[in-house]
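Visitor: The following block contains a protein sequence and its predicted model.
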Amino acid sequence: MPHPPHPDTPGVTVNCAVITVSDTRTPDSDRSGALIQKLLLEAGHQIRHYALVKDEPEQIRSQVDILGDRSDLDALIFNGGTGIAPRDTTYDAIEQLLEKTLPGFGEIFRSLSYQEIGSRAIASRAIAGTYRGKLIFSVPGSSNAVKLALEALILPELVHLVSQLRS
């Protein structure tokens, strides 16, 4: 078991955007987007933006570009479109825009996924990095993957990473 990180500064709220990438989900059927919002709110963070976008590279890049200019956001969390199917374009759209990457996020996510789902974890193209002073996370769209990413990686490090970007 890894050692716990240094404690975060208490009372820091992170302003987040949640974007679900899907050709089929609606706000009513977007369980993963709802779960991300619920977990963030329970951790004391704010949801400043929620959107559903089609798995089209231009729409995904447009979201990143528009949200990257917003001063009221610290983190963008995308879910969906991270596999290798022809319509899975989230990774490709976001990876091109990142100014700095956090390779450990995808590596650790896949390692943790492997413990849960076995070798199918190799198909996950989860990624994280920074863009215009904001954190960006992109995770698979299944509710199990969202829960794993948020609880094991994003929530434990969100305040620390945002604090580094703010300094």
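Guide: Received it, and whenever you're ready, just let me know what you need. Numbers count the residues shown, from 1 in each chain.

Visitor: use CA for all of it now, contacts and neighbours both
Guide: Noted.

Visitor: now the helix or strand harbouring Phe78, how far from the centre of its chain.
Guide: Taking DSSP states H and E as the definition, Phe78 sits inside strand 75-79. Distance of strand 75-79 from its chain centroid, counting by CA atoms, centre = their mean, to the nearest Å, is 4 Å.

Visitor: Same question for stretch 124-143.
Guide: 4 Å.

Visitor: what about that stretch, start to end distance?
Guide: Between the opening and closing residues of stretch 124-143 we find a distance of 14 Å, counting by CA to CA, to the nearest Å.

Visitor: Let me see the mean pLDDT of the strand holding Phe78.
Guide: If you average the pLDDT over strand 75-79, you get 98.

Visitor: and that strand, what does it pack onto?
Guide: Helices and strands in packing contact with strand 75-79 are listed as strand 15-21, strand 134-139; criterion 3 or more CA pairs under 8 Å, 6 or more residues apart in numbering; DSSP states H and E.

Visitor: okay, those in CSV with mean neighbour count next?
Guide: CSV is the format used below for the helices and strands packed on strand 75-79 (neighbours: other CA atoms under 10 Å):
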stretch, mean neighbour count
strand 15-21, 24
strand 134-139, 25
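
Visitor: closest one to Gln115 among those strands?
Guide: Comparing these by their distance to Gln115 (CA to CA), the top pick is strand 134-139, with 16.6 Å.

Visitor: and the closest one, what other elements does it pack with?
Guide: Using 3+ CA pairs under 8 Å, 6+ apart as the contact criterion, the neighbours of strand 134-139 among helices and strands are strand 75-79, strand 127-131, helix 155-166.
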